[in-house]
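Undergrad: Predicted coordinates and the sequence they were generated for:
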Protein chains: 2
Amino acid sequence: MLCAVIGLVFAFVLIAIVARASAGNERMREIAGAVQEGAKAYLNRQVVTISVIAVIIFVLLWYFKDHPTAIGFMVGAFCSLAAGFIGMRIAVIANVRTTQAATSSLTRALRMAFNGGAVTGLLVVGLALLAVSIFYTVADKMVSHDMAIRSLVGLALGASLISVFARLGGGIYTKAADVGADLVGKIEQGFEEDDPRNPATIADNVGDNVGDCAGMAADVFETYAVSLIGAILVGALTLSGNSAATVYPFVLGGISVLSAICGVIFVNVAKGKPAAVLMGGVVTSAIVSGILFWPATHLLFPDGLTIAGIARTPTQLYFASAVGLVMTAVVVAITNYYTSMRYSPVQKIARASETGHATNIIAGLAVGQHATALPVGFIGIAILLSFHFAGLYGIAIAVMSMLSMAGIIISLDSFGPITDNAGGVAVMSGLPKEVRSVTDQLDAVGNTMKAVTKGYAIASAGLAALVLFGSYVEELKAHNPAFAQFTFSLTEPKVIIGLFLGGLLPFIFTAFSMDAVGKAAGAVVREVRRQLKAKPGILTGQDTPEYGTCVDIVTKAALREMIIPALLPLIFVVAVAIIKPLGPVVLGGLLVGTIVTGLFVAIAMTSSGGAWDNAKKFIEEGNLGGKGSFAHQAAVTGDTVGDPYKDTAGPAINPMIKVVNIVAILIIPIFF
Amino acid sequence: MLCAVIGLVFAFVLIAIVARASAGNERMREIAGAVQEGAKAYLNRQVVTISVIAVIIFVLLWYFKDHPTAIGFMVGAFCSLAAGFIGMRIAVIANVRTTQAATSSLTRALRMAFNGGAVTGLLVVGLALLAVSIFYTVADKMVSHDMAIRSLVGLALGASLISVFARLGGGIYTKAADVGADLVGKIEQGFEEDDPRNPATIADNVGDNVGDCAGMAADVFETYAVSLIGAILVGALTLSGNSAATVYPFVLGGISVLSAICGVIFVNVAKGKPAAVLMGGVVTSAIVSGILFWPATHLLFPDGLTIAGIARTPTQLYFASAVGLVMTAVVVAITNYYTSMRYSPVQKIARASETGHATNIIAGLAVGQHATALPVGFIGIAILLSFHFAGLYGIAIAVMSMLSMAGIIISLDSFGPITDNAGGVAVMSGLPKEVRSVTDQLDAVGNTMKAVTKGYAIASAGLAALVLFGSYVEELKAHNPAFAQFTFSLTEPKVIIGLFLGGLLPFIFTAFSMDAVGKAAGAVVREVRRQLKAKPGILTGQDTPEYGTCVDIVTKAALREMIIPALLPLIFVVAVAIIKPLGPVVLGGLLVGTIVTGLFVAIAMTSSGGAWDNAKKFIEEGNLGGKGSFAHQAAVTGDTVGDPYKDTAGPAINPMIKVVNIVAILIIPIFF
């Protein structure tokens, strides 16, 4: 808790630093104000929509489950929403200040954007750590120890469910606005990015904030909270009676707040190329964690820990946590290889663009599929190693240690949309080319950072879900004696059917999400065409477009379209639980099936998307004919296909696979 | 055996009927001759390449395994190659005769093309049934009963491995030629399809034969043989001592040859719309099978059968086989819905084309993912039902009964490339528009038939692979007492790692296949550009393009590019078996993981591809602006992306998931 408070205090110091900086001239403040307003309007409506659903689930839990779980649900939901909200608020303040800083120097702009992102990063981990530990401490005093631990599942559900909505709603918003703005603006009218004549341009900039900032913050808040709770559950279910095992995940989390602060400080004092400075921050943070984990583990478990009858030394436990840190580095490096324009995959896509739209798409899809191989291989190694060191608890510890890096990783991720917006403000307020050149450089770095952190988010989500599946099995065995000896064997047809049904979920979930983007983008296209037709003066600059109408239309469309895909996994799990010949065995298979295909689909989608984006940037830098060439047109097509891939459907799989697992744990006592 | 011989005799009667028909005027014969020559040249080289690999594996099996298995491998490999070869030979004879028949009437052309396809269909099932039964009878006399049954696995491997090569080699050939011809021809030069000025046009037509005819014939030959062998294995491993259980799959196969003949006769006498007549043939065939299975089952098992300690009535066994017939109908209907232009999925893609290339691609990808839901759901139901009726043996019977429909299904499938070629011949030989209109109608029907049969091929392959996995587990338990009580439990980390590694295979396998198409197509593009530059007279019709050079280039490229993806699954399985911390448990998980993701990836890819193709056709029929409109350009992009999806990567997953399972069974005594 102390570390969490330190993290929050440091975040407020950063807020003060960011807020004190100049917000630029009047025109800049005006544009930033429009974006702020749009983002606030969207998030307010999103809060209302989600609250309605949250209240319904709260009531269901209150009556059909128990009160602590219902309260836990509300706490999780509230904090997840708050994390997203705060992340968005600070981002819309930092964007215009980054533009202003870019007028003086690259380093200043880099630090401004990064500090804006770091606020979100520190708030998310501080909030998650504080919420879980306070709730757990209070619940442990109020109800039985057993009940307190189980009610944490309610908190996890609250966090996950909100996160599915935030990811989907924000993801649909940002990509509908982006695709809609591009389709009419760039392709039909030949506008540049962020051209103030494009009626959808403010909506596009709002999208960066509500999707990439608020959505991502809610998502990682959820993964963090769920990993922490998963580790506590596994500790409690398999190591009942050992309180150090329950405390250990909190200790890892607490230490990592401190190491994240070290990383933030590093970025604020280091000099060099933006990408190198940011990566230096991550490395600093990992090294500090790696060093501090050693004494902490030995202090907490002076005599080691007996897990499933096997005595483990503190050094073995330390190694399990080190696996998580190494995995973070490995996943970051791999995703960087597949999505950075300096390596062959992206350049292959760029070259394929020379022969047309179709070959660009084929190459991009192939790169995404190739990109699944190494992360999945390393996840396999991480599972083997951490299980070898400390059984299922070892896997849970490795996941928690991986997630403990979230503070610094989210700082990088939020950096992306802030620089993207900073560029938008620069163009729309007509600042000189040099400023735009600075924001462009930062934007390119931000793109890679966004892609890299997505790989991290998915790998950690997959591992966290595996821990939850372990909890499902333990919980089922503890609850129903009929399953005490049951093994979920692959020779059991019901398990196979479960794997198929679970495997299906990521496929139809992403299909619905992409449809949703398509529909919402269609609404934007029609509105932009209508405005350009009604006011021909917009094209010549004599008329001002009605930005607000576009913002309003995307807001409504995104909130409407997110409902079906977001409720899909919930309904799926409950249906499998209720329908007679299916039940708990099929459900167990379903949980694993969702994790397996979810991991592949999410990695393939986000990698393809990132690679397409940077292939376009690679051409725009003047390679293979540069901007306006035939290859560039094909690359724009790939980038547009990649948008819903990498920013809506792909990342929304993360919370989805966890929602599925958490709901399954929660309904055990109700249906089985 | 008798039924198989009847089927083969009937096939030869059809050959005589087809060969007797007129091959048209000199120009038509000349063009058809060029296609025939190209196809023969490719297949000859493919035979040489594959033979080298087959001989190496034969030698390995001979020394490290046993002689019967090695001989079985050779028999399987030879028959699979033969099935592909014969299928191709008859297709290149039937194509030009279909064009000639189209000059007199639609019905005549339909029957000519269908009879050409039916030859392949009957030959494939006749050959498979005959090869397996003769080999089994002879082996049973020469070596022990146990050894005879095990050596059948060698035959299955021979068939599967060749089929992977044939599917990949043919698939890469046909799509490299197609994409290459389209990229330069249609997009750069504005040629129509099959324009004789396009140097790649003969290669494109050759591709239809070597990919869609020879590749598909080898593929379904393999699925048929493997399902038959799988059912025998399950019968022998779990019901040892009951010979009726081993004979039953043969009986189902034999009956279905007769019902396929009934289906063929129906198509040759019925009148009506082409699609309705062809579907009538399938329905006839299914009804005849459904009726004849009943007395056969009761005659063979007058007292029922005791499976895993439970007594099953003959009626229960009949129901298990009926599940397979119903599944065939269900899968055909579902795939038809997602890929026919009469329903909303294809029309949605067509409408999305109006807003550009990117939205067309997004819509197509989403449709493919949606299309996985129903087939997988029904596969789940089929597994539940057939297992309910007769345990694992029931699943094997359902698969065999589904495969028994292969005779009539392949007839439909081969119909596609024959009509496609017939259209090519009509255009290139300058026949009047009315003839082209007839072949165009048949071509559109052929497209849907091809898409529909792919759904069937994948669903049956997935089920067949599940049966093989069951055999793997039984074989492992029988071989190594350490695994006698082992359950492949989802709570075992090694099983999860296996699921991940197996799940990875379809993703990287298809990624490599698509890369292969991209590379080979690039070679075609360069060659076509070179010819058009060297001989400008080609464009004006004064110079004749060098068709042969293009054929030669695609041949070499396809054979070179198929090696890596084809050997990938083989190497993967052996590596997992050998590498120390992995071994038999991880391998078991791998087998299931490959089936799960393979099924989804294959269905999604083939459905997307079919839907894109027909979305383009829908626009070309004059909807949404028709040919040459902006929407049409976008639809062409989708169609081009869909080409390697539906004709190379997607269908090659079928043999791949079986190769993985068969190799695993085969190496049990060597490594575990």
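TA: Looks like it arrived, so ask away.
Undergrad: Any idea how many residues pack against A:Lys627?
TA: 14 (other CB atoms under 10 Å in any protein chain shown). C-beta: built from backbone N, CA, C; applies to glycine.
Undergrad: helix/strand/coil for it?
TA: What DSSP: H, G, I helix; E, B strand; the rest coil gives for A:Lys627 is coil.
Undergrad: contacting residues for the residue lying closest to it once chain neighbours are set aside?
TA: Using CB to CB, 6 or more residues apart in numbering or on different chains and skipping residues adjacent in sequence, the residue nearest A:Lys627 is A:Glu620, 5.3 Å away. By CB atoms under 8 Å, 6 or more residues apart in numbering or on different chains, A:Glu620 lies in contact with A:Gly626, A:Lys627, A:His632.
Undergrad: If we use 10 Å, what do you get?
TA: Contacts for A:Glu620 (CB atoms under 10 Å, 6 or more residues apart in numbering or on different chains) come out as A:Asp440, A:Ala444, A:Asn614, A:Gly626, A:Lys627, A:Gly628, A:Ser629, A:His632, A:Ala635, A:Val636.
Undergrad: One more: A:Ser608?
TA: The neighbourhood of A:Ser608, defined by CB under 10 Å, 6+ apart, consists of A:338-339, A:345, A:349, A:361, A:363-371, A:638, A:641-642, A:645-646, A:650.
Undergrad: Now the buried members of the residues you listed.
TA: Neighbour counting over the contacts of A:Ser608 (16 or more other CB atoms under 10 Å in any protein chain shown) leaves A:338-339, A:345, A:349, A:361, A:363-371, A:638, A:641-642, A:645-646, A:650 as the buried ones.
Undergrad: The strand or helix carrying A:Ser401: which residues count as buried?
TA: A:Ser401 belongs to helix A:373-403 when assigned by DSSP states H and E. By neighbour count on 16+ other CB under 10 Å, the buried set for helix A:373-403 is A:373-387, A:389-403.
Undergrad: Could you do stretch A:236-247 as well?
TA: Judged by neighbour count using 16+ other CB under 10 Å, the buried positions of stretch A:236-247 are A:Ala236, A:Leu237, A:Thr238, A:Leu239, A:Asn242, A:Ala244, A:Ala245, A:Thr246.
Undergrad: before we move on, back to that, now the helix holding A:Ser401, how far from the centre of its chain.
TA: 20 Å (CA atoms, centre = their mean, to the nearest Å).
Undergrad: That one close to chain B?
TA: Yes: against chain B, helix A:373-403 shows contacts by CB under 10 Å from any CB of the partner chain at A:373-377, A:379-388, A:391-392, A:394-395.
Undergrad: avg pLDDT for stretch A:256-265?
TA: Computed over stretch A:256-265, the mean pLDDT rounds to 93.
Undergrad: So which of the contacts of A:Glu620 wins on neighbours?
TA: Using other CB under 10 Å as the neighbour criterion, A:Ala635 leads the contacts of A:Glu620 with 31 neighbours.
Undergrad: wait, what's in contact with that residue?
TA: So A:Ala635 contacts A:349-350, A:352-354, A:357, A:360, A:364, A:612-620, A:624-625, A:627, A:629 (CB under 10 Å, 6+ apart).
Undergrad: and these, which are buried?
TA: Buried by 16+ other CB under 10 Å: A:349-350, A:352-354, A:357, A:360, A:364, A:612-620, A:624, A:629, out of the contacts of A:Ala635.
Undergrad: Among the residues you listed, name the ones in helices.
TA: If you go by DSSP state H, the buried ones among the contacts of A:Ala635 have A:349-350, A:352, A:357, A:360, A:364, A:612-620 in helices.
Undergrad: still on that earlier bit, tell me the one of the contacts of A:Glu620 nearest chain B?
TA: A:Val636 (7.9 Å; CB to the nearest CB).
Undergrad: Skip the chain neighbours and tell me the closest residue to that closest one.
TA: Of all residues not flanking A:Val636 in the chain, A:Lys616 sits nearest, at 6.1 Å (CB to CB, 6+ apart).
Undergrad: now that neighbour: how far from A:Val47?
TA: 35 Å (CB to CB, to the nearest Å).
Undergrad: average pLDDT for the helix or strand where A:Val153 lies?
TA: Under the criterion of DSSP H and E, A:Val153 resides in helix A:145-181. Averaging pLDDT along helix A:145-181 yields 88.
Undergrad: List the buried residues of that helix.
TA: The neighbour-count check on helix A:145-181 (16+ other CB under 10 Å) flags A:148-181 as buried.
Undergrad: ok, now stretch A:510-529?
TA: So for stretch A:510-529, counting by 16+ other CB under 10 Å, buried means A:510-518, A:520-525, A:527-528.
Undergrad: Low-confidence ranges, chain A, go.
TA: Counting by pLDDT under 70, the ranges of chain A that qualify are A:240-241.
Undergrad: where's the spatially most central residue of it, which helix or strand?
TA: With distances taken as CA atoms, centre = their mean, the residue of chain A nearest its centroid is A:Met216 (3.8 Å). Following DSSP H and E, the helix or strand that holds A:Met216 is helix A:216-238.
Undergrad: distance between that helix and the chain's centre?
TA: The answer for helix A:216-238 is 14 Å, by CA atoms, centre = their mean.
Undergrad: Likewise for stretch A:456-474?
TA: 15 Å.
Undergrad: mind saving the C-alpha coords of that stretch as PDB?
TA: Extracted in PDB, the C-alpha atoms of stretch A:456-474 (Å, rounded to 0.1, in the frame of the first residue of the first chain):
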ATOM      1  CA  TYR A 456       3.200  -7.300 -24.000                       C
ATOM      2  CA  ALA A 457      -0.500  -6.900 -23.200                       C
ATOM      3  CA  ILE A 458      -1.500 -10.000 -25.100                       C
ATOM      4  CA  ALA A 459       1.200 -12.300 -23.800                       C
ATOM      5  CA  SER A 460       0.500 -11.300 -20.200                       C
ATOM      6  CA  ALA A 461      -3.200 -11.600 -20.800                       C
ATOM      7  CA  GLY A 462      -2.800 -15.200 -22.100                       C
ATOM      8  CA  LEU A 463      -0.700 -16.200 -19.200                       C
ATOM      9  CA  ALA A 464      -3.000 -14.500 -16.700                       C
ATOM     10  CA  ALA A 465      -5.900 -16.400 -18.200                       C
ATOM     11  CA  LEU A 466      -4.100 -19.700 -17.800                       C
ATOM     12  CA  VAL A 467      -3.700 -18.900 -14.100                       C
ATOM     13  CA  LEU A 468      -7.400 -18.200 -14.000                       C
ATOM     14  CA  PHE A 469      -8.200 -21.600 -15.700                       C
ATOM     15  CA  GLY A 470      -6.100 -23.200 -13.000                       C
ATOM     16  CA  SER A 471      -8.300 -21.500 -10.400                       C
ATOM     17  CA  TYR A 472     -11.400 -22.600 -12.200                       C
ATOM     18  CA  VAL A 473     -10.300 -26.200 -11.900                       C
ATOM     19  CA  GLU A 474      -9.400 -25.900  -8.300                       C
END
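Undergrad: Just want the angle from the helix or strand harbouring A:Ile408 to helix A:145-181.
TA: Taking DSSP H and E as the definition, one finds A:Ile408 inside helix A:406-428. Angle, helix A:406-428 to helix A:145-181, by axes from the mean of the first three to the mean of the last three CA atoms, to 10 degrees: 20 degrees.
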